[in-house]
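**Student:** My questions concern the predicted model and sequence given below.
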Amino acid sequence: MSTSFSGRPISSLPPPSPDNPWRRYGRWVIFTVITMAALLIATAYVYADGSSDWAAVVVAGDWHDHDGRPSEIFDNARRDIAANLARVGFNPSDIAQFSVRPSRYPATHPFYSEARNIAGVLARLANRTRAGCLLYFTSHGGPSGMVLGQTVLSPASLDAMISYACGERPTIVVVSACYSGVFVRPLAAPNRMILTAARPDRSSFGCSGMDKYPYFDACFLSGLNETNDFRALALDTRRCVARMERQTRMWPPSQPQLSIGSRIASRLPAWR
């Protein structure tokens, strides 16, 4: 380092060479590649763990076994399905539980299972989340709909509830009940996946006083451990139900139903 006549320090090193166009181009290519890689990683992360910004409700619609005696089967399923949804990536604060006997279960803070309550809570959860909606119902059912406390929730009423709260968002609806296939056609839409425990004209099984869960709910819970996305979970649940029915000689088979809309297929949450 030396000084000029004015006293300003000057460098004794040779001046830098002009910026080579190929060097500038190379830096641009590297920057572009890094940026695109970061975007691809971020996109993959969103689709692999998209459930963290979903609204979810899990509903137990009755508290009796198939003989009309008091039973915990539906609340057992409600509690453990909600816990396992949180385990695979759903935000616990965006999962609401509902029970016909909410005061009996203070540890999980369920709301009362009534259609207006479910609709209101689902709408609030959907307003504060940005991705999709998941609704899981476990109860008794019949050809006109699903038991919900002292009433029957019809397919048309459930469709209106979902349309109001979730609109065109990706929406997964699971109905575990006898004759629950009656919900498939009224609810089917390009942005929805519908999974039911039985055909429209069939019973489902596992609602005795000796069962912890209905067969379908037990298989759904098992599938959450064995699969890594909702399509695989639905297929695994159907196979599991058929296997359990064969083993216990239940007849006729319930034949769970599945409908996956064209716009939701690539947007189903995944985990692991």
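**Tutor:** Noted; the coordinates are in hand. Bear in mind the structure is a predicted one, so any value in this text is a computation, not a measurement.

**Student:** now the strands for the stretch 101-250 of the chain?
**Tutor:** With DSSP state E, counting those that start in this stretch as the criterion, the stretch 101-250 of the chain has strands at 111-112, 133-138, 141-142, 145-148, 151-153, 171-176, 192-196.

**Student:** which of the ones you listed sits most buried?
**Tutor:** strand 171-176 (a mean of 28; mean count of other Cβ atoms under 10 Å). Using the backbone N, CA and C atoms, a C-beta is placed for each residue, glycine as well.

**Student:** mind checking pLDDT for the nearest residue to S254 once chain neighbours are set aside?
**Tutor:** In space, S254 comes closest to A198 once its chain neighbours are excluded; the distance is 4.0 Å by Cβ to Cβ, 6 or more residues apart in numbering. Turning to A198, the model gives it a pLDDT of 98.

**Student:** Could you give the number of residues near A198?
**Tutor:** Residues within reach of A198, counting by other Cβ atoms under 10 Å, total 25.

**Student:** now do Q97
**Tutor:** 24.

**Student:** Reduced to three states, what does it come out as?
**Tutor:** strand (DSSP: H, G, I helix; E, B strand; the rest coil).

**Student:** Next up, the contacts around it.
**Tutor:** Neighbouring residues of Q97 by Cβ atoms under 8 Å, 6 or more residues apart in numbering: 57-60, 78-79, 82, 108-111.

**Student:** Kindly write the ChimeraX command that selects the buried subset of the residues you listed.
**Tutor:** The buried residues among those can be selected in ChimeraX (16 or more other Cβ atoms under 10 Å) with this line:
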select :57,58,59,60,78,79,82,110,111
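
**Student:** Select from the contacts of Q97 every entry located in helices.
**Tutor:** Judged by DSSP state H, the contacts of Q97 include 78-79, 82 as members of helices.

**Student:** hang on, the earlier thing: relative to C178, how far out is the residue nearest to S254?
**Tutor:** 6 Å (Cβ to Cβ, to the nearest Å).

**Student:** Now do the shared contacts for the two.
**Tutor:** Joint contacts of A198 and C178 (Cβ under 8 Å, 6+ apart) are 141, 204.

**Student:** Tally up the residues packed near the residue nearest to R87 when sequence neighbours are not counted, please.
**Tutor:** Using Cβ to Cβ, 6+ apart and skipping the chain neighbours, the partner closest in space to R87 is L224 (7.6 Å). Neighbour count of L224, defined by other Cβ under 10 Å: 20.

**Student:** Brilliant, that's me finished.
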